[in-house]
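**Student:** Here is my input, please return the structure:
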Amino acid sequence: MVMSASLQVAETVFPELEGWIRSIGGPSLGELEKKAIKAGEKNIPYEALAYGLETLPTTPVEEWNDLVGSTQKAKELSDQFGKSLIMGPGLRLMDDNSDAYEPMGARSDIWVFQTQMIQKYYPPGEQYRSEVEQVVEQIRSGNPDIQVWAQITLPPDREPDAQEWLAYRESIVDLVDGTFIGVYSWGRTDSRILLNTIDEIFASACEEK
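**Tutor:** Next up, the predicted model:
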């Protein structure tokens, strides 16, 4: 799976990624609709719209104050354009609104969640797995068929470590439909080290198949 918030990047890269779940993302319903319209005009190939519903200035307050209603509108929008809906609300936001997991999941096709807040407190292993499993169960409570993807982050406070990332993945790989790499240290870490780490992760994960 790959997500681009940039239509320019999607237009350039997505034709080369046939067979992937290609998604176009936006932080608000208005932005998502605008991008879907423009993507259609540009004939950009993609499979899903990704709604980044988070408590950030780019998402209107009324949208994250009505999580279920906003998800319903996003689902209607994705149906309108014949795409799947990917939801990616922040984990902190969902921690404060755990009762919304079931109805939001029922209106979604794919859910991606960031595990870095769990990584902050737990190393790879049973406790990390247990925390992730709890979130996955909440997401699937309203939709047993929903795909769940977990973002495992290369922590920004230290040099990226492919083996640590892979150990986190090994802890949860059987719980989720997929894992992907989160990087928040571009510009703070030597890009060659980051790219080498990512290459090592991909090489190891692909070897398993």
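**Student:** Show me what the lengthiest strand in the chain is packed up against.
**Tutor:** Longest strand in the chain, counting residues (DSSP state E): strand 147-154. Other helices and strands packing on strand 147-154, by 3 or more CB pairs under 8 Å, 6 or more residues apart in numbering; DSSP states H and E, are strand 110-114, helix 116-119, helix 126-140, helix 162-172, strand 178-183. Any C-beta I mention is one placed from the backbone N, CA and C, and that applies to glycine too.
**Student:** So what's the gap between the second one and the chain middle?
**Tutor:** If I follow you right, that is helix 116-119. The chain centroid and the centroid of helix 116-119 are separated by 14 Å under CA atoms, centre = their mean, to the nearest Å.
**Student:** just the last one next, same as before
**Tutor:** Averaged C-alpha coordinates place strand 178-183 at 8 Å from its chain's average position (CA atoms, centre = their mean).
**Student:** What is it packed up against?
**Tutor:** strand 147-154, helix 162-172, helix 191-208.
**Student:** Low-confidence regions, this protein specifically.
**Tutor:** Flagging of the chain using pLDDT under 70 yields the residue ranges 55, 184-190, 208-209.
**Student:** roughly how far apart are the most centrally placed residue in it and Tyr51?
**Tutor:** The centre of the chain sits closest to Val112, judged by CA atoms, centre = their mean, with a distance of 3.5 Å. As judged by CB to CB, to the nearest Å, Val112 and Tyr51 stand 10 Å apart.
**Student:** Next, show the common contact partners of the two.
**Tutor:** Ile86, Met87, Gly88 (CB atoms under 8 Å, 6 or more residues apart in numbering).
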